[in-house]
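Visitor: pasting the sequence and the predicted model now:
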Amino acid sequence: MLSTTSNMNQNIQKIIKTKAKKAKSAMRVLSRSSADIRNNALLAMAEDLLNAKDVIQEANRIDLQTGEETGLAKPLMQRLLLDDKKIERMADNLRQVARLPDPIGDVISMGERPNGLKIGRVRVPIGVVGVVYESRPDVTVEVSALCIKSGNGVILRGGSEAIRSNTILANLLSDTAAKQGVPDAIQFVDTTDRQAVYELIRLPEYIDLVIPRGSNEFVQFLMRESDVPVLGHADGICHIYIDKNANLEMATKLCMNAKVGYKVGVCNAIETLLVHEQVAEKYLPVICDQLQKTDVEIRGCNQTRIIFPEARKATEEDWRTEYLDYILAVRVVGSMEEAIDHIEEYGSHHSDAIITESYSAAEQFLKEVDSAAVYVNASTVFTDGYEFGLGAEVGISTQKLHSRGPMGLEGLTSYKYIVYGNGQVRE
């Protein structure tokens, strides 16, 4: 048995290493290609994606059926579904990315030193990007689009719950790219064995960056164990704060949208609602009643439960939890400073919003809340590469180095210094 397991692991190791080598070789060719070649590949992918809609949805139907049989959580089932609207959006992702300016070779800065040296910085691809994700087959398309455009090779490893959908999509995109003169840049790991992930994060000589999109536990594991730099976010504990000067009708609309209006199982949905005590008695019965009608369970602080007795008692752990489910923690605060302190203590620095008609309150919130995206009078679910005009995203980073927030083309580039001289030597 041990011998069999060892042989399987060695085989997976060989597969991943081969794919990584191919992606690295393809990246060198891709990074030197013209913008027209890369853009034409993306446009052809969009067309082929729409033409293959029936085949894609049949594979997706089998994944959905398997998900139902295995008890896949409702939010994950929502992410897994590839309906007509989502396929059309994926095609639009490809077209939008094709229309974006070419990042490769973009001169970031150029200046001249007193000795006559001209020193500048120019954008270059990161190299090979490994993306590990769960449940969302549309990630296959978004990541492929951004990596092709930015001249990066990519290795995709999706979750077992979407294996058929991802396989169809990855093969289609890879075949189309090859026909357009971009072969091997998209590598897909078609085994669901977790050993593939372990091997992928052990190849710093071939893979330059790993971007995980999955559960908190999984992302934390990769951050701890990977030999390759990891960029992403472990939690999406997002907040909306209802200020004492809020338009309460607007607040209800935005809170409902940020919790259940889009999808509850996404990282930019709110997990905690903070309400100023001066509007709590008037506002909480309204918003809690609306949320309960959509099956959201309310877990509240003591003051919340006095105002809305049907709420369950919130524990310390509730303030720290990314539910990704029909659960919302609610807390009454005495001031905006208290709300900001709560966000700093319990939040994940992802996306947080204030609802207010006070300009000074809005500016203070924007200045003091240290998150990747901070909103005034808007829903947090806009934290998305597509919605931010980036065409798509490979993930959302809550880190501060290199890239922060939705990670698009710019986040997939690094830079190098270019130096022009005319015979200068250092004295």
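Guide: The structure has been received and is ready for your questions.
Visitor: quick one: mean pLDDT over stretch 86-99.
Guide: Averaging pLDDT along stretch 86-99 gives 95.
Visitor: what residues does it touch?
Guide: 39, 42-43, 45-47, 49-50, 53, 56-57, 138, 141-142, 145-146, 149, 386, 391-392, 409 (CB atoms under 8 Å, 6 or more residues apart in numbering). In this view, the C-beta of every residue, glycine as well, is placed from N, C-alpha and C.
Visitor: and the buried ones among these, selectable in ChimeraX?
Guide: Remark: buried members of the contacts of stretch 86-99, expressed as a ChimeraX selection using 16 or more other CB atoms under 10 Å:
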select :39,42,43,45,46,49,56,57,138,141,142,145,146,149,386,391,392,409
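Visitor: how far away is Asp318 from Val275?
Guide: Distance, Asp318 to Val275, by CB to CB, to the nearest Å: 15 Å.
Visitor: higher neighbour count, those two?
Guide: Between Asp318 and Val275, Val275 has the larger neighbour count (other CB atoms under 10 Å), namely 31 against 21.
Visitor: for that one, helix, strand, or coil?
Guide: Classification of Val275 using DSSP: H, G, I helix; E, B strand; the rest coil returns strand.
Visitor: who's in contact with it?
Guide: Val275 touches Tyr241, Ile242, Tyr283, Leu284, Thr304, Val330, Arg331, Val332, Val333, counting by CB under 8 Å, 6+ apart.
Visitor: check the closest residue to it other than its chain neighbours and give its pLDDT.
Guide: Leaving out its chain neighbours, the residue that sits closest to Val275 by CB to CB, 6 or more residues apart in numbering is Ile242, at 4.6 Å. For Ile242, the model assigns a pLDDT of 98.
Visitor: Ile242: how many residues sit nearby?
Guide: 29.
Visitor: pretty sure it is touching Glu357, no?
Guide: No: applying CB atoms under 8 Å as the test, Ile242 and Glu357 come out as separate, 11.5 Å apart.
Visitor: just the mean pLDDT for stretch 304-313, thanks.
Guide: 97.
Visitor: who's in contact with the residue nearest to Val275?
Guide: Counting by CB under 8 Å, 6+ apart, Ile242 has contacts Leu248, Ala251, Cys255, Leu273, Leu274, Val275, His276, Val279, Tyr283, Ile355.
Visitor: let's see 6 Å
Guide: The neighbours of Ile242, taking CB atoms under 6 Å, 6 or more residues apart in numbering as the test, are Ala251, Val275, Ile355.
Visitor: tell me the one among those nearest to Glu344.
Guide: Nearest to Glu344 out of the contacts of Ile242 is Val275 (CB to CB; 17.7 Å).
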